[in-house]
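> Predicted coordinates and the sequence they were generated for:
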Amino acid sequence: YDANVPLVLMNSFNTDDDTMKIIRKYSGFNVSIKTFNQSRYPRISKESLMPIPKSCRTDDDIDAWYPPGHGDFYQAFSNSGLLEEFVDQGKKYCFISNIDNLGATVDLNILNMCLDQRREFVMEVTDKTRADVKGGTLIQYEGKLRLLEGAQ
């Protein structure tokens with residue numbers, strides 16, 4: 001199809017260094033790999049209900065911070081400058097998959113469905129199993145179906 005579909009990885013402060021080491025191995029290949037970091041939020045003390053970090057520097061006490069997860073994608077992607085970069089390049093669609101979903105591929109059938117049915121957003125979901133103790137869940141909120149994500 002002669003299209004440049006970049007691979008974009010959202011990291012956290014916990015995973016960014018390791019990801020960059022792996023990406024360097026692909027520098028000679030004809031693949032565009034971009035990264036950005038999700039936000040970081042302070043953990044809250046159960047006793048005082050106050051933020052645990054003593055400073056705004058994650059490195060001062062890394063355990064006092066947590067990455068918010070998938071729900072932060074839109075804000076973090078925009079804050080990174082990649083959204084503006086891709087829009088300026090004429091890109092209009094974004095396919096998002098968890099890194100642990102090894103079966104995920106860019107599927108033209110999904111893209112065509114979005115175009116044909118004028119869908120701005122499509123989400124694939126599966127039933128939870130007993131092993132699914134982490135991650136989001138679908139809820140009805142104010143008459144609309146929503147994805148509820150909770151910090152782990």
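Alright, I've got the coordinates.

> any idea how far residue 104 lies from residue 85?
From residue 104 across to residue 85, the span is 23 Å (CB to CB, to the nearest Å). Glycine gets a C-beta too; all of them are placed from N, C-alpha and C.

> likewise residue 129?
Residue 129 is 38 Å from residue 85, by CB to CB.

> Neighbour count: those two, which is higher?
residue 85 (12 against 7; other CB atoms under 10 Å).

> secondary structure element for residue 31?
Under DSSP states H and E, no helix or strand contains residue 31.

> For the nearest residue to it once chain neighbours are set aside, list each beta-bridge partner.
Nearest in space to residue 31, with sequence neighbours left out and distances taken as CB to CB, 6 or more residues apart in numbering, is residue 7 at 6.4 Å. Residue 7 forms beta bridges with residue 33, as assigned by DSSP bridges.

> what do you get for residue 137?
Beta-bridge partners for residue 137, by DSSP bridges, are residue 148.

> for it, what are its contacts?
Shown in contact with residue 137 (CB atoms under 8 Å, 6 or more residues apart in numbering): 128, 147, 148.

> Neighbour-wise, give me the winner out of those residues.
residue 147 (14 neighbours).

> can you pull the pLDDT of it?
According to the prediction, residue 147 has pLDDT 79.

> Roughly how far does it sit from residue 131?
Plainly put, residue 147 is 19 Å away from residue 131 if you go by CB to CB.

> re earlier: count the neighbours of the residue nearest to residue 31 for me.
The number of residues packed near residue 7 is 12, by other CB under 10 Å.

> Over to residue 65?
Residue 65: 22 neighbours (other CB under 10 Å).

> what's the helix or strand of the chain at the bottom of the mean pLDDT ranking packed up against?
Ranking every helix and strand in the chain by mean pLDDT, DSSP states H and E puts strand 144-148 at the bottom, with a mean of 84. Contacts defined by 3 or more CB pairs under 8 Å, 6 or more residues apart in numbering; DSSP states H and E place strand 144-148 against strand 137-141.

> No more questions from me, cheers.
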